[in-house]
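Participant: Could you work out the structure for the sequence below:
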Amino acid sequence: MSEQVTEQPAAQKQVQPKDININLTLNLDQVNMVLTALDEVPHKFSRGVIDSIREQAIKQVPQG
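Facilitator: From the prediction side, this is the model:
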C-alpha cells in the first residue's frame, strides 16, 4: 500500500511550535516555583527558559 503525499500551498506554511507564544498568568510564588524546578534540569536545556522568565518578570515586578 502506498501513501499519498499532499503538498501544502506555499501560502499555507505550517506553523512551528517554537513560533507560537503562550501568555500565562502566575503569581510571584508560582513563578519562583517554576524557576526552582527548572534549576533542577541540566542548564544546557533550561538556561534559555530561565533567562526568558526572569527577563519578563523583572519588567513587571516593582523595584524597591
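Participant: Contact partners for Ile20?
Facilitator: Going by CB atoms under 8 Å, 6 or more residues apart in numbering, Ile20 touches no other residue. From N, CA and C alone the C-beta is placed, and that goes for glycine too.
Participant: For it, give its distance to Asp39.
Facilitator: Noted for Ile20: a distance of 25 Å to Asp39, by CB to CB, to the nearest Å.
Participant: what are the ranges of the helices in this protein?
Facilitator: With DSSP state H as the criterion, the chain has helices at 28-39, 43-60.
Participant: Next, the buried residues of the longest one.
Facilitator: The neighbour-count criterion (16 or more other CB atoms under 10 Å) identifies 46, 53 as the buried residues of helix 43-60.
Participant: which other helices and strands contact that helix?
Facilitator: Helices and strands touching helix 43-60, by 3 or more CB pairs under 8 Å, 6 or more residues apart in numbering; DSSP states H and E, are helix 28-39.
Participant: elements contacting the helix it packs on?
Facilitator: helix 43-60.
Participant: The helix it packs on - what's its average pLDDT?
Facilitator: Averaging pLDDT along helix 43-60 gives 95.
Participant: how deep is Asn32 tucked in, by neighbour count?
Facilitator: Residues lying near Asn32 (other CB atoms under 10 Å) number 13.
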